[in-house]
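**Q** Model the following, please.
(chains A and B)
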Protein chains: 2
Amino acid sequence: MSSSLNVLLVGAGALGSMFAWRLQISKQVQVTAVCRSNYEAVKSNGFQIESQNFGSQTFRPSKVVRTVDEAVANGETYGFILLCTKALPNLGDNSDIIAPAVTNPKTIILLIQNGIGIEDPFYARYPGNPIVSVVAYIDVSQPSNGVISHGGSISLMMGLFNTSNVAYDVAAAQRSVGELSAIWNDNGAVSAVVDNIQAFRWLKLVWNASFNTVAVVSGGNDTHKMLADPRCKELIKNLMLEVYRLGEAAIGEPLPSKLGMNSADDCIDRTNSRETPVMPSMLMDYLARRPMEHEVILGRPIEIARKLSVDVPYMKAVYAMLVMVEKGYMDSKL
Amino acid sequence: MSSSLNVLLVGAGALGSMFAWRLQISKQVQVTAVCRSNYEAVKSNGFQIESQNFGSQTFRPSKVVRTVDEAVANGETYGFILLCTKALPNLGDNSDIIAPAVTNPKTIILLIQNGIGIEDPFYARYPGNPIVSVVAYIDVSQPSNGVISHGGSISLMMGLFNTSNVAYDVAAAQRSVGELSAIWNDNGAVSAVVDNIQAFRWLKLVWNASFNTVAVVSGGNDTHKMLADPRCKELIKNLMLEVYRLGEAAIGEPLPSKLGMNSADDCIDRTNSRETPVMPSMLMDYLARRPMEHEVILGRPIEIARKLSVDVPYMKAVYAMLVMVEKGYMDSKL
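**A** Prediction:
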């Protein structure tokens, strides 16, 4: 087994564990999982996965550790780092979290996170390492430590981030990323390497900047409740239209279509037609009084809008509310 | 004492009791107060007023009753009705609440309420009676039943609502309104009769459509907390600019200036410079889980914007959130 297929998972929550699992199950990959709150549970029992797609399964990572330092304590090197933490750049640059494992210039860093601008601090800090921007589509949660509840979907789109002025062999990195993607594809996770990954980031933002955010600032509502009110539905649509317009201005071409989702209306209709309402991840963070990813979901896009002179009043209104709501509960936790 | 100076107060809360008091204190006016939750307290002890302006005082209305029916049970007639309830037309037309007392064609109906479009149902139901639209500026609350806490300001702007196609003597009504206004003026409440009262309604909406609403959808914040965040402050300013623009389109001329408040920035600076932060009335309703006046503060203005093709995205975003937040807590009370 090639040491280049040693994978370090940082942020071993619901999403990260699923994607790491579909790599290790290939038997070509060994996963070292850095676990925090779920360390004891995963160390003892592995991840207990209940999946509509894969059934009841246990995923025992090759190694379970508490910190990145521990993951390299005996000189281990990793071909890939999967970073699956929440993206909270407003709380500080956390690109240093993986630093102890980025010793090998060949280590490829995959950022499986939502939002816009997440790659910048990693690109700045690790100019010698390929940074892969990954957009994930997966329906998964961790109801208790180490217990993973997965629905039916698991897919990935990925692509190398900005390859100009980098100090690595781009063609070799492309090949390695292609190999990893192929392992996912061969093992139940639909995966594709694309050369316009930013376009797919913006496309995913259509949903995240609307349903995720409004779920919170409307006082805590799932997708069905939001769409049942015509005014709230119109707000969601207006947010989506802003993201389409801004994304197009940012990448210089219309956003791609995916799975027949070509418009705000499609996106709303698809969401509305789901039998079970969706509790967006930001709503879960809000209900648990955790920090929310508003910076990469709305803050950075609004900055880009300002630079490009694109008017995004709905995004600005919802962003201001979101920041205030979070401030209210984070302050009261002090 | 002329029976035309019998005044019926409907909605004998903090605001209503203060304005009725400054009439009765003239000794020219007798007030019958229709009290609901504070009936027992007011019947026994009158209103206990603690005012920066007027000191510690007791206001005993000439008569305290529970209902409008009771107020006319012995054939009493009223020259004026002061309607000071909250304006909640989305919960149903409540213009019938005063019907038993609107038997005399000379009864003048004063609507001392916030928002836009509040006069319509009264104008439609009582074509033979003068409808006076009143904008109040007063800093007052009722911390417990019958106990009134008043700051320093108490003033009124008023004017007859739409006098076209009405079945009363407009000149006579104007004189009566002028007389009532003069009594207020002579008794400590600054009062003026104007011929552009709608302009002042829109001007007051500058504050109400911004601070009042954002206080709620930001998760419950007073004026200082809202203004401490640059994004929230910008949202408040953008809401104000929309009201200025929409009001101007609705009335056909720029909004008047008042007390040196000529712009959104003035309005924000004045609010910010107050030593004590303000808890807007809508925030108090939100915290007490009561219905909020979002229909007359944002809903009607947004309808008007649609008709006039004025773009008001900030108002629409905040309105949608406000409606959803209210729905959340009203539903959970069922």
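
**Q** Show me the strands in chain A, by range?
**A** When assigned using DSSP state E, the strands of chain A occupy the ranges A:6-10, A:30-34, A:47-51, A:55-59, A:63-65, A:80-83, A:108-112, A:131-144, A:147-160, A:190-193.

**Q** can I get those strands in a markdown table with mean pLDDT and distance to B:Ala317?
**A** Where C-beta positions appear, they are placed from N, C-alpha and C, glycine not excepted. Output for the strands of chain A, formatted as a markdown table (pLDDT from 0 to 100; distance: least, Cβ to Cβ, whole Å):
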| stretch | mean pLDDT | distance to B:Ala317 |
| --- | --- | --- |
| strand A:6-10 | 98 | 36 |
| strand A:30-34 | 98 | 40 |
| strand A:47-51 | 98 | 38 |
| strand A:55-59 | 97 | 42 |
| strand A:63-65 | 98 | 45 |
| strand A:80-83 | 98 | 33 |
| strand A:108-112 | 98 | 31 |
| strand A:131-144 | 95 | 27 |
| strand A:147-160 | 95 | 30 |
| strand A:190-193 | 97 | 35 |
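
**Q** quick one, which of these is nearest to B:Ala173?
**A** Using Cβ to Cβ as the measure, strand A:131-144 is the one of these that comes nearest B:Ala173, at 65.4 Å.

**Q** which helices and strands does the closest one pack with?
**A** Contacts of strand A:131-144 with other secondary structure elements, assessed using 3 or more Cβ pairs under 8 Å, 6 or more residues apart in numbering or on different chains; DSSP states H and E, are made with helix A:14-24, strand A:108-112, strand A:147-160, helix A:197-207.

**Q** so can I have a markdown table of those showing distance to chain B and mean neighbour count?
**A** What follows is the helices and strands packed on strand A:131-144, written out as a markdown table (distance: least, Cβ to the nearest Cβ, whole Å; neighbours: other Cβ atoms under 10 Å in any protein chain shown):
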| stretch | distance to chain B | mean neighbour count |
| --- | --- | --- |
| helix A:14-24 | 27 | 24 |
| strand A:108-112 | 26 | 23 |
| strand A:147-160 | 26 | 19 |
| helix A:197-207 | 17 | 23 |
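
**Q** before we move on, the earlier item: looking at the strands of chain A, which is nearest to A:Trp21?
**A** Smallest distance to A:Trp21 across the strands of chain A (Cβ to Cβ): 4.1 Å, for strand A:55-59.

**Q** Output the below-cut-off pLDDT ranges for chain A.
**A** By pLDDT under 70, the low-scoring segments of chain A are A:1-4, A:258-262, A:333-334.

**Q** want to throw the helices and strands packed on strand A:131-144 into TSV with distance to B:Ser17?
**A** Listed next are the helices and strands packed on strand A:131-144 as TSV, based on distance: least, Cβ to Cβ, whole Å:
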stretch	distance to B:Ser17
helix A:14-24	57
strand A:108-112	61
strand A:147-160	57
helix A:197-207	51
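
**Q** check contacts around A:Ser263.
**A** A:Tyr244 (Cβ atoms under 8 Å, 6 or more residues apart in numbering or on different chains).

**Q** Apply 10 Å and report the result again.
**A** Taking Cβ atoms under 10 Å, 6 or more residues apart in numbering or on different chains, we find A:Ser263 in contact with A:206, A:237, A:240-241, A:244, A:255, A:257, A:269.

**Q** Same question for A:Val7.
**A** The neighbours of A:Val7, taking Cβ under 10 Å, 6+ apart as the test, are A:19-20, A:23-24, A:29-33, A:61-62, A:78-82, A:108, A:110, A:180, A:183.

**Q** Among those residues, name the buried ones.
**A** Taking 16 or more other Cβ atoms under 10 Å in any protein chain shown as the criterion, what is buried in the contacts of A:Val7 is A:19-20, A:23-24, A:29-33, A:61, A:78-82, A:108, A:110, A:180, A:183.

**Q** How much space separates the residue nearest the centre of chain A from chain B?
**A** Centroid check for chain A by Cα atoms, centre = their mean gives A:Gln113 as the closest residue, at 2.3 Å. Computed with Cβ to the nearest Cβ, to the nearest Å, the distance linking A:Gln113 and chain B is 23 Å.

**Q** List the contacts of that residue.
**A** The contact partners of A:Gln113, taken as Cβ under 10 Å, 6+ apart, are A:11, A:15, A:83-88, A:119, A:133-136, A:201, A:293, A:296.

**Q** Could you give the backbone dihedrals for it?
**A** A:Gln113 has phi and psi values of phi -140, psi 160 when expressed as degrees, to the nearest 10.

**Q** Spell out which parts of the stretch 151-300 of chain A neighbour chain B.
**A** Residues of the stretch 151-300 of chain A that fall close to chain B, judged by Cβ under 10 Å from any Cβ of the partner chain: A:214-221, A:225-226, A:228-236, A:238-239, A:242, A:286, A:298-299.

**Q** what residues are up against the closest residue to A:Ala305 other than its chain neighbours?
**A** Leaving aside its sequence neighbours, A:Ala305 sits nearest to A:Val312 (Cβ to Cβ, 6 or more residues apart in numbering or on different chains; 4.5 Å). Listed by Cβ under 10 Å, 6+ apart, the contact partners of A:Val312 are A:209, A:238-239, A:241-243, A:245-246, A:298, A:301-302, A:304-306, A:318-319, B:313.

**Q** What of A:Leu180?
**A** Shown here is A:Leu180, whose contacts under the criterion Cβ under 10 Å, 6+ apart are A:4-5, A:7, A:23, A:28-29, A:79-80, A:82, A:108, A:110, A:132, A:156, A:158, A:191, A:193.

**Q** measure it to B:Asp311 for me?
**A** As judged by Cβ to Cβ, to the nearest Å, A:Leu180 and B:Asp311 stand 47 Å apart.

**Q** do A:Arg274 as well
**A** Using Cβ to Cβ, one gets 32 Å for the distance from A:Arg274 to B:Asp311.

**Q** Repeat that for A:Val216.
**A** 25 Å.

**Q** Compare these two (neighbour count), which wins?
**A** When A:Val216 and B:Asp311 are compared on other Cβ atoms under 10 Å in any protein chain shown, the one with more neighbours turns out to be A:Val216, at 25 against 14.

**Q** The more buried one touches A:Arg289, doesn't it?
**A** No - checked against Cβ atoms under 10 Å, the pair A:Val216 and A:Arg289 is beyond contact range at 11.6 Å.
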